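Trainee: I would like to see how this sequence folds:
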Amino acid sequence: MPSMHQITYSRARADLADLYDDALEHLPTRIDRRRADPAVLLSLEDFKALLSQFRFAPEVLFEASSVAVWLPELAIWGRGATFAEAKEDLLAEIDQLLALLAKDATLRSAPNMVKRLPWIFRLMYAEGDAEREDLLFATPAGEPRFPAVAGA
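Mentor: Residues are numbered from 1 along each chain as shown. Next up is the predicted model:
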């Protein structure tokens, strides 16, 4: 039975151009390093495809004088006087979370974060707030967008 291509770290450094080309051809490579856990090199296209099943399902709560957006996949809130402000606050909260995770390996390996990594990785590869907003608030096919709200 064929298995994933496996190579040592030293060999990977020498063969990086070939490994890169393999990744672009949908052939991931496991890289083993002494005294460290293995890593896998794969294309961004394959990475995105693997994570595409991890969709976001934000919950919007309209109250008398405010709007809140709950993102259960990351267990964070965005709040504001309008839907637009709540989305903006949520994006700011996500930016703060991603900044913390980038700096702190201990936080990335915490059990409550490990189970959220697929969604975190999806947000990490998104470029800018517009793409993150599209990931968060994508409309499933055949379903209406969130209702128009004054000030949104």
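Trainee: in the protein, which helix is the longest?
Mentor: Counting by DSSP state H, the longest helix found in the chain is helix 83-103.
Trainee: buried residues, that helix. List them.
Mentor: 83, 85-91, 93-94, 97-98, 101 (16 or more other C-beta atoms under 10 Å). No exception for glycine: its C-beta is placed from N, CA and C like everyone else's.
Trainee: closest to Arg34 out of those residues?
Mentor: Leu101 (26.9 Å; C-beta to C-beta).
Trainee: how far away is the closest one from Ser109?
Mentor: From Leu101 across to Ser109, the span is 10 Å (C-beta to C-beta, to the nearest Å).
Trainee: if we can go back for a sec, got the CA positions of the longest helix of the chain in PDB?
Mentor: The C-alpha trace of helix 83-103 is given here as PDB (Å, rounded to 0.1, in the frame of the first residue of the first chain):
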ATOM      1  CA  PHE A  83     -24.800  44.700  12.900                       C
ATOM      2  CA  ALA A  84     -21.900  46.400  11.100                       C
ATOM      3  CA  GLU A  85     -20.300  47.500  14.300                       C
ATOM      4  CA  ALA A  86     -20.800  44.000  15.800                       C
ATOM      5  CA  LYS A  87     -19.100  42.400  12.800                       C
ATOM      6  CA  GLU A  88     -16.200  44.900  13.100                       C
ATOM      7  CA  ASP A  89     -15.800  44.100  16.800                       C
ATOM      8  CA  LEU A  90     -15.800  40.400  16.000                       C
ATOM      9  CA  LEU A  91     -13.100  40.800  13.400                       C
ATOM     10  CA  ALA A  92     -11.100  42.800  15.900                       C
ATOM     11  CA  GLU A  93     -11.500  40.000  18.500                       C
ATOM     12  CA  ILE A  94     -10.300  37.500  15.900                       C
ATOM     13  CA  ASP A  95      -7.300  39.700  15.100                       C
ATOM     14  CA  GLN A  96      -6.400  39.800  18.800                       C
ATOM     15  CA  LEU A  97      -6.800  36.000  19.100                       C
ATOM     16  CA  LEU A  98      -4.600  35.300  16.100                       C
ATOM     17  CA  ALA A  99      -1.900  37.700  17.400                       C
ATOM     18  CA  LEU A 100      -1.900  35.900  20.700                       C
ATOM     19  CA  LEU A 101      -1.700  32.500  19.100                       C
ATOM     20  CA  ALA A 102       1.200  33.600  16.800                       C
ATOM     21  CA  LYS A 103       3.200  34.600  19.900                       C
END
